[in-house]
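> okay, here's the prediction I keep looking at, along with the sequence it came from:
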Amino acid sequence: MKSEIRFHAIGLAFATFTACAQNPAPAPPADVPPANAPSPDPAPVASSRTVDPVIPVTTTYEPLTGEQRFDFYVQQTYSSPGAYLRTLVPAINGQIRNRPYEWGQGSIGFARRTGSAFTRFMLFDAFEAGGSAALGYEVRYVRCHCTGFFPRFGYAVASTVVTRDRHGHLVPDISRVGAAFGSEYVAQLWYPPSYRDDDVVLRGVALKFVFRSLMYTYREFTPEIDHMIHHH
């Protein structure tokens, strides 16, 4: 029954994603300079290897190179603020609720929960990066060509289980779903006996997709959020 529910949920998300992604808005025409206009100065070469986690609507889709994929994995897993937020939230929740109780309270218990949460997400990112690279799947967030809050919000949530292949076609993101389950089952190896069951795995998988939904929603509405911050 649980597998049927997950299957229908992924199918519904894929249908929603496809409907929102249709009819992309055309890119604005480039300005054509006069024939006698002076050549612009060459743009400075960026020294940073940071990969933009968002593909804007007006950008022509280009897949990541292998080096960019590795840089993106390191960036998202070890240096982004979200990497530490997604670690601290479940660790603090586990500390307050004393789960698993075998780890106890105090600084040692909190350290165990923090280390466990970070490792679970690190494995999730690593499995997803490897699977996406093998399948040619996109790991960045591609902004919606749609308009309106609810279509864009639905697109952002659906993007957690739908992505693009190397040709830009929409596909179910089996690498991400597999990575979520794989990382949680590996975590069973260091969990105490009270935490070694499928319900814990399902809660961990759900937590990963909740965080990814929040992150993608923020990335979808970042221009509006920035506008509100800078004009208040």
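Looks like it came in fine.
> ranges for the strands of the protein?
Using DSSP state E, the strands assigned to the chain run over residues 54-55, 141-142, 162-164, 170-172.
> got those strands as JSON lines, with mean pLDDT columns?
Shown next, in JSON lines, are the strands of the chain (pLDDT from 0 to 100):
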{"stretch": "strand 54-55", "mean pLDDT": "93"}
{"stretch": "strand 141-142", "mean pLDDT": "95"}
{"stretch": "strand 162-164", "mean pLDDT": "96"}
{"stretch": "strand 170-172", "mean pLDDT": "96"}
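> can I get those strands in TSV with mean neighbour count and distance to Asp197?
For the C-beta atoms, the positions are set from N, CA and C on the backbone; glycine is no exception. Putting the strands of the chain into TSV (neighbours: other C-beta atoms under 10 Å; distance: least, C-beta to C-beta, whole Å) gives the following:
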stretch	mean neighbour count	distance to Asp197
strand 54-55	16	37
strand 141-142	22	33
strand 162-164	22	29
strand 170-172	16	27
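> so which of those strands comes closest to Phe118?
strand 141-142 (22.2 Å; C-beta to C-beta).
> ok, that closest one: who's next to it in the sheet?
Sheet pairing for strand 141-142, assigned by DSSP bridges, gives strand 54-55 (parallel).
> is it true that Gly204 touches Leu123?
No: proximity of Gly204 to Leu123 does not meet the contact threshold set by C-beta atoms under 8 Å, at 10.8 Å.
> against Tyr216, how distant is the closest residue to Val186 other than its chain neighbours?
Leaving aside its sequence neighbours, Val186 sits nearest to Leu123 (C-beta to C-beta, 6 or more residues apart in numbering; 5.8 Å). The gap separating Leu123 from Tyr216 is 20 Å, by C-beta to C-beta, to the nearest Å.
> check Arg196 too.
31 Å.
> when those two are compared, which one has more neighbours?
Tyr216 (22 against 14; other C-beta atoms under 10 Å).
> give me every residue that touches that one.
With contact taken as C-beta atoms under 8 Å, 6 or more residues apart in numbering, Tyr216 is in contact with Tyr141, Ala156, Val157, Ser159, Thr160.
> in the chain, which spans are helices?
Ranges of helices within the chain are 2-21, 66-74, 81-97, 106-135, 149-158, 174-187, 198-220, 222-230, based on DSSP state H.
> and of those helices, who's closest to Ile55?
Ile55 lies closest, by C-beta to C-beta, to one member of these: helix 198-220, at 9.8 Å.
> what about Ala83, how many neighbours?
Neighbours of Ala83 using other C-beta under 10 Å come to 16.
> am I right that it is in contact with Gln75?
No: if you go by C-beta under 8 Å, Ala83 and Gln75 don't touch, sitting 9.1 Å apart.
> so where's this structure shaky on pLDDT?
Applying pLDDT under 70 to the chain flags residues 1-48, 232.
> thinking again about what came up before, if you rank the contacts of Tyr216 by neighbours, which is first?
Ranking these using other C-beta under 10 Å puts Ser159 first, with 29 neighbours.
> and for that one, nearest residue in space, chain neighbours not counted?
Nearest residue to Ser159 in three dimensions, chain neighbours excluded: Tyr216, at 5.1 Å (C-beta to C-beta, 6+ apart).
> please tell me how far the one you found sits from Phe110.
Tyr216 is 29 Å from Phe110, by C-beta to C-beta.
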